[in-house]
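Visitor: Fold the following and give me the result.
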Amino acid sequence: MKRVSSKLILIMILFIFAINTVGVRAAVKNKNADLRFGVLSDVHIMDQNKKQDDKFKNALSMLKDFTKDDMDALLVAGDLTDSGGKLSYEKFNNIYESILGKKVEKVFAMGNHEYYTGLSPIESQKRFTQETGQKLNDRKVIKGYNFITVSTENAALEGAFGNNTKQWLLEQLEECNRENSQKPIFVIVHQPVKDTIYGSDRDCTDELKPILSKYPQVICFAGHSHYSLYDERCIDQKDFTSVATGGLKRVDFEENMINRSEFKNKEISQGLFVEVNEKRVTITRIDFLNKKVMSNKWIIDEPCNKKNFKYTYARKLIRTCPKFKDDGQCRADIKNDNSVEVTFSRAYHDDFVYSYKITLIDKDKNNMENEFMFINDFFSGSSPDNYKIKLSNLNKGVNYKVKIKAVESFGNESSNELQCDFKI
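Guide: Numbering: from 1, shown residues only. Got it, this is the predicted structure:
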């Protein structure tokens, strides 16, 4: 057996260490990209809240570090501020310039929170343009690629886009298409187009869909929902490509989740880094709070060609079902107030478990008494080994059964389930 020198062993150890420590940065930077830009939304800078300042600083610093200070533009899809105050805009601008300087192109759209000023919509718009130096609706060409910002016209949650704005958008898209129908066109708007990405089932706009749908090369970035980028439904392709932008304030999700109040205000800080060449757009999701890049990149080849669209709802058909381990447990602990606390083991999935469907059955009548959806804490990037849920207002003397199924984000349910019986 040949002896390996200590010097060679040291070199191998250092090499392995280097791979592990630069992995995150290497996952982001593509040397062959023609264009690189970051995408944020829902920054919510406040007059008197330092926490949001720090989250914005951290996000910009990480984008700058990941790209080795080689970023062409920063897109912000609305809600730069929490209430459109002058001091909030001043803080936003100071933080931006202190980290990114003046060489990174600004591409900002107004969100509904920019109208929470106590002023009229017109005066709020004037403040936005004066404080940011951005137009309400604008088309910029950066390194040969078109960026179109479309701002909502008042504080309505679902957005407001008048006929003049829609006509202007149509004209800009048509001009971009005539110039080069093969290149992607990046559209930035605060409210998502309804029934596209995860979170676009409420407080969204139908106004822009007929226009955007004419141009498959459109890649539309939208914020507003505060839904987590860990979910693969945050990219959607039908007639064009829609992409969610995460947010820097708090997480949100569907209103029908029984434990929504527990997590609704949990802090998140997520955004995107985008690299572009003429026929490929690569999108990397970043969890700024946990300082990590999310699993797989979204790669859009030939955005103009709908035949290449792979981020459709048909993904559900090829996704696996979650599964509980064979030793998974479900236990019911009776309380004194006609309630029970159910503890159950987590399920597993090759992406993540989105939620749990909990069915309460009256065994004596052999019928379902209630059904609940319980959100999993997937948005933090990790899940606990066990969960607890309290079921209240139960009837004394009734024999109950609880059945629990795991559900992944596209709705596929687990192939097995957990059960437990109890009597109040």
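Visitor: M46 touches S83, doesn't it?
Guide: Yes. Contact criterion C-beta atoms under 8 Å: M46 and S83 qualify, at 7.2 Å. (C-beta placed from N, C-alpha, C; glycine too.)
Visitor: So which of those two has more stuff around it?
Guide: M46 (18 against 15; other C-beta atoms under 10 Å).
Visitor: Once you drop chain neighbours, what's closest to that one?
Guide: D82 (4.5 Å; C-beta to C-beta, 6 or more residues apart in numbering).
Visitor: wait, what's in contact with the one you found?
Guide: The contact partners of D82, taken as C-beta atoms under 8 Å, 6 or more residues apart in numbering, are 44-46, 49, 52, 88, 113, 116.
Visitor: can you check I268 too?
Guide: 226, 228, 246-251, 287, 289, 379-380 are the contacts of I268 under C-beta under 8 Å, 6+ apart.
Visitor: ok, the residue nearest to M46 to E254 distance?
Guide: 24 Å (C-beta to C-beta, to the nearest Å).
Visitor: Now do N366: how many residues are near it, please.
Guide: What N366 shows, counting by other C-beta under 10 Å, is a neighbour count of 8.
Visitor: From N399, how far off is it?
Guide: As judged by C-beta to C-beta, N366 and N399 stand 10 Å apart.
Visitor: circling back to that earlier point, from the contacts of D82, which single one is nearest L272?
Guide: The closest of these to L272 turns out to be H44 (C-beta to C-beta; 17.5 Å).
Visitor: and the gap between the closest one and F344?
Guide: On the measure of C-beta to C-beta, H44 and F344 end up 35 Å apart.
Visitor: Ok, F288 next?
Guide: Taking C-beta to C-beta, one finds F288 at 32 Å from F344.
Visitor: Kindly report the same for S98.
Guide: Counting by C-beta to C-beta, the gap from S98 to F344 is 48 Å.
Visitor: The two - which one has more neighbours?
Guide: Of the pair S98 and F344, F344 is the one with more neighbours under other C-beta under 10 Å, namely 24 against 11.
Visitor: The more buried one against Q329, yeah?
Guide: Yes. Contact criterion C-beta under 8 Å: F344 and Q329 qualify, at 6.8 Å.
Visitor: which neighbours do the two share?
Guide: 386, 418.
Visitor: wait, K238 sits on C220?
Guide: No. Using C-beta under 8 Å, K238 makes no contact with C220, being 11.2 Å away.
Visitor: Need the overlap of contacts for the two.
Guide: In contact with both K238 and C220: T196, using C-beta under 8 Å, 6+ apart.
Visitor: What distance do you get for K264 to P121?
Guide: For K264, the distance to P121 (C-beta to C-beta) stands at 28 Å.
Visitor: what does F378 give?
Guide: Taking C-beta to C-beta, one finds F378 at 37 Å from P121.
Visitor: Comparing these two, which residue is more hemmed in?
Guide: F378 (21 against 17).
Visitor: Hmm, E232 and the more buried one touching each other?
Guide: No. Using C-beta under 8 Å, F378 is not in contact with E232; the gap is 11.1 Å.
Visitor: How about the contacts made by the closest residue to F37 other than its chain neighbours?
Guide: Nearest non-adjacent residue to F37, counting by C-beta to C-beta, 6+ apart: A73, 4.0 Å away. A73 sits next to 35, 37-38, 104-107, 142, 147 when contact means C-beta under 8 Å, 6+ apart.
Visitor: Those residues in helices, which ones?
Guide: Using DSSP state H, no member of the contacts of A73 sits in helices.
Visitor: Identify the farthest-apart pair in those residues.
Guide: L35 and K106 (15.3 Å).
Visitor: The two - which one has more neighbours?
Guide: Applying other C-beta under 10 Å to L35 and K106 shows that L35 carries more neighbours, namely 20 against 17.
Visitor: Near S392, how many other residues are there?
Guide: 9.
Visitor: Grab the nearest non-local neighbour of it.
Guide: S339 (4.2 Å).
Visitor: Around that neighbour, count how many other residues there are.
Guide: 14.
Visitor: which ones are touching it?
Guide: S339 touches 390-394, counting by C-beta under 8 Å, 6+ apart.
Visitor: what bridges to the residue nearest to L40 when sequence neighbours are not counted?
Guide: Once flanking residues are discounted, L40 sits nearest to G271: 4.5 Å by C-beta to C-beta, 6+ apart. Partner residues in beta bridges with G271, using DSSP bridges, are I286.
Visitor: can you give me phi and psi for the closest residue to V193 other than its chain neighbours?
Guide: Nearest residue to V193, sequence neighbours excluded (C-beta to C-beta, 6+ apart): K209, at 5.0 Å. Here is the backbone geometry of K209 (degrees, to the nearest 10): phi -60, psi -50.
Visitor: Check whether K209 really touches V189, as I assumed.
Guide: No. Contact criterion C-beta under 8 Å: K209 and V189 do not qualify, at 11.3 Å.
Visitor: Between those two, point out the one with more neighbours.
Guide: Counted by other C-beta under 10 Å, K209 and V189 do not tie: V189 has more neighbours, with 30 against 18.
Visitor: quick one: that one and A222, what's the gap?
Guide: 5 Å.
Visitor: quick one: common contacting residues for these two?
Guide: Joint contacts of V189 and A222 (C-beta under 8 Å, 6+ apart) are A77.
Visitor: Output the helix or strand where F372 lies in PDB with nothing but the alpha carbons.
Guide: Assigned by DSSP states H and E, F372 belongs to strand 367-375. Extracted in PDB, the C-alpha atoms of strand 367-375 (Å, rounded to 0.1, in the frame of the first residue of the first chain):
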ATOM      1  CA  ASN A 367     -70.100  10.200   8.900                       C
ATOM      2  CA  MET A 368     -67.600  13.000   8.500                       C
ATOM      3  CA  GLU A 369     -68.200  15.700  11.100                       C
ATOM      4  CA  ASN A 370     -65.500  18.200   9.900                       C
ATOM      5  CA  GLU A 371     -62.500  18.600   7.700                       C
ATOM      6  CA  PHE A 372     -59.600  21.000   8.300                       C
ATOM      7  CA  MET A 373     -56.500  22.100   6.300                       C
ATOM      8  CA  PHE A 374     -53.400  22.600   8.400                       C
ATOM      9  CA  ILE A 375     -50.500  24.600   6.800                       C
END
